[in-house]
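J.: sharing a model that was predicted from the sequence below.
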Amino acid sequence: MKSIPVVILATVTFVLFGLVASLQAASIRFLCLNEELAARDLGVQDTKGTTKLKDLSALKRSDAHTCATGDSPLLLVARDRKGADGKSASVEIALPAGLKAPLVLILPDPDHASGLRALAVDDSETGFPWGSLRFINITDQLLVIRYEQETKPFPASPAVVDVALAGEARNMGVQLSREDDPEAVLYSAVWEYDPAVRKLVFVLPGNDPATAAVDLKVIPDQRPAK
């Protein structure tokens, strides 16, 4: 019996390693901005095909979906709308490197055939710690966030700004203003800070275009009891 040359074994090992590296899996959750999006017929397409998203909600994260990732990008598929090619319209889900627990925010985009926009964020306890706030700007306004003694710029949609907080439970003031007119307060309220709760905060266009005010949708997430 002839022995297999070492160079061939090395080549086979390299190819197999490349295949394994390219066929990775990601555990992904989904969250819709509103009930209209949650009620649509949507799916996720990976290297193995398209899977219908059956548990979408505008109030809580979906169950985890295991998606095979590789050379082809993940797609959020609008099974209820057609693209120019006659197939279901879709939009790419860009997963930045280093996401430990991807959460895909499903947002509206009237200018896209699918009517969708997908924004992936890190939903892990290190990427989004307990007690912190995560603001998602869905407006076309450049804003400023004021909280306690801090101020942060807030780019226009789609933009995400995290606010890290610490200390004991307390009340805290939160304001949103226009960047070009910081004294024009678009939103102001007193919130309760709880170190065991993290909050997703969607900043939405207000109902009164004359004032340019904004509306906020807050989705709290309670740390599980040990």
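T.: That came through, no problem.
J.: quick one: least confident helix or strand in this structure?
T.: Least confident helix or strand of the chain, by mean pLDDT, DSSP states H and E, is helix 6-22 with a mean of 39.
J.: pLDDT of the longest strand along the chain, averaged?
T.: Taking DSSP state E as the assignment, the strand of the chain that covers the most residues is strand 181-193. Averaged over strand 181-193, pLDDT sits at 93.
J.: what do you get for stretch 141-157?
T.: Taken as a whole, stretch 141-157 has a mean pLDDT of 93.
J.: in that stretch, what's buried?
T.: Applying a neighbour-count criterion of 16 or more other CB atoms under 10 Å, the buried positions in stretch 141-157 are 141, 143-147, 154, 157. No exception for glycine: its C-beta is placed from N, CA and C like everyone else's.
J.: return the distance of that stretch from the chain's centre.
T.: Going by CA atoms, centre = their mean, to the nearest Å, the spacing between the C-alpha centre of stretch 141-157 and its chain's C-alpha centre is 19 Å.
J.: CA atoms only for that stretch, dumped as CSV, please.
T.: The C-alpha coordinates for stretch 141-157 follow below in CSV (Å, rounded to 0.1, in the frame of the first residue of the first chain):
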residue,chain,number,x,y,z
GLN,A,141,-32.8,64.8,12.9
LEU,A,142,-29.4,65.3,14.5
LEU,A,143,-30.1,65.2,18.2
VAL,A,144,-28.4,65.7,21.6
ILE,A,145,-29.1,63.5,24.6
ARG,A,146,-28.9,65.0,28.1
TYR,A,147,-29.0,62.8,31.2
GLU,A,148,-28.1,63.8,34.7
GLN,A,149,-24.9,65.8,34.2
GLU,A,150,-23.9,64.3,30.9
THR,A,151,-24.5,65.3,27.2
LYS,A,152,-24.1,63.1,24.1
PRO,A,153,-24.5,63.8,20.4
PHE,A,154,-27.0,61.6,18.7
PRO,A,155,-26.6,61.1,14.9
ALA,A,156,-29.5,60.8,12.6
SER,A,157,-31.2,57.5,11.6
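J.: per-residue pLDDT, residue 212?
T.: We note a pLDDT of 69 for residue 212 in this prediction.
J.: I should have written residue 120 there, sorry.
T.: Confidence at residue 120, expressed as pLDDT, is 96.
J.: go on, residue 1?
T.: 50.
J.: before we move on, what about residue 223?
T.: The predicted local confidence for residue 223 comes out at a pLDDT of 94.
J.: cool, residue 71 as well?
T.: So residue 71 comes in at 75 (pLDDT).
J.: do the same with residue 66
T.: pLDDT, residue 66: 92.
J.: what strand or helix carries it?
T.: Applying DSSP states H and E as the criterion places residue 66 in strand 65-69.
J.: mind listing the strands that strand pairs with, and their directions?
T.: Here the strand partners of strand 65-69, with direction, are listed using DSSP bridges: strand 24-32 (antiparallel).
J.: for the partner strand, list every residue counted as buried.
T.: Using 16+ other CB under 10 Å, the residues of strand 24-32 that count as buried are 26, 28-32.
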